[in-house]
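A.B. asks: Structure for this input, please:
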Amino acid sequence: MNVNAFVATAWNGFREARRNRVTVVVGVFALVTLLLATLVTQITVVTFRRVMVDTGLGMMSLILVFLSIFLSSGLLAREIERRTIFLVVTKPISRSTFLWARFAGNLLTLFALLVVMVAIFAGEMMLYRYPLDASVWAAVAMLTVELFVVTAIGFACSTFLGQTVSAVVTVGIYLAGHLGGDLYRFATKAGGLVGWVGRAVYYLLPNLDRLNYRPLATYEIVPQLGVALKSAASGVAYGVVLLIIASVIFERRDFK
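C.D. replies: Now for the predicted structure:
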């Protein structure tokens, strides 16, 4: 792998996403909504911290997940539309390197926005003398893994689907990934062919519900380190496998 080409492509992807109007709008929206979370907490006194944590982390998750879907699902469609993909494939950089580099650039954009959001959220919490405890940091760490998985799904879909279809499929997989437990219980009760198909779909989908530590943070419950590491490892492994599959498809795709 050409390291210099990889870094240059990743940095170019980061700058492109940063200049994207949607990224700017989302960044401003995140600032406003996180500040408005303070007003929401005025509704109650007893559950003041719970509402603030749930609102803040919920806004971070919602905004960043759907931004990751927008950025990743339209990757190839935008490159082909602007004809820039033809310049890339003629240069001494493999298609796989290009794909992984753009993936890294998108992740860098998302993580930069996450750092800003966490800083704003921490400032709000400090105003009310609520420090960010280990449960909140665990939820933020798992959100980074979830962003990794969702971005990988979007990139994999963009290698063989159009921008709109890719976004819809990625959203569907994201929602299904959070409902995996319900799907498994339904498949177990159904039995027969339906149960077998349901369990197969359950194992094929990413178990994103394992990465949702927001409810634990709301009640100041610190997760067990071993369980958290297993959940993070399974999420990263799922994303890496998808990226490998995406690289194979991207290498063989005809852009004519």
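A.B. asks: Let's verify Glu220: helix, strand, or coil?
C.D. replies: Put simply, Glu220 is coil when judged by DSSP: H, G, I helix; E, B strand; the rest coil.
A.B. asks: who's in contact with it?
C.D. replies: Residues in contact with Glu220 (CB atoms under 8 Å, 6 or more residues apart in numbering) are 49, 133, 135. To be clear about C-beta, it is placed using only N, CA and C from the backbone, and glycine gets the same treatment.
A.B. asks: What of Thr151?
C.D. replies: Counting by CB under 8 Å, 6+ apart, Thr151 touches 68, 71-72, 103, 106-107, 110, 239.
A.B. asks: Ile221 - nearest residue in space that isn't next to it in sequence?
C.D. replies: Take Ile221 and drop its neighbours on the chain: the residue closest to it by CB to CB, 6 or more residues apart in numbering is Ser135, 5.7 Å away.
A.B. asks: that older thread, of the contacts of Thr151, select the buried ones using a ChimeraX command.
C.D. replies: In ChimeraX syntax, the buried subset of the contacts of Thr151 is picked out as below (16 or more other CB atoms under 10 Å):
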select :68,71,72,103,106,107,110,239
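A.B. asks: Which pair in the contacts of Thr151 has the greatest spatial separation?
C.D. replies: Taking CB to CB as the measure, the contacts of Thr151 span a maximum distance of 15.1 Å, between Leu71 and Gly239.
A.B. asks: all strands of the stretch 51-200 of the chain, in order?
C.D. replies: Along the stretch 51-200 of the chain, no segments are classed as strands by DSSP state E, counting those that start in this stretch.
A.B. asks: what ranges do the helices span in it?
C.D. replies: Under the criterion DSSP state H, counting those that start in this stretch, helices of the stretch 51-200 of the chain are mapped to 75-81, 84-89, 95-127, 134-158, 163-178, 180-190, 192-204.
A.B. asks: quick one, which of those is packed in tightest?
C.D. replies: Among the helices of the stretch 51-200 of the chain, helix 134-158 has the highest mean neighbour count (mean count of other CB atoms under 10 Å), at a mean of 23.
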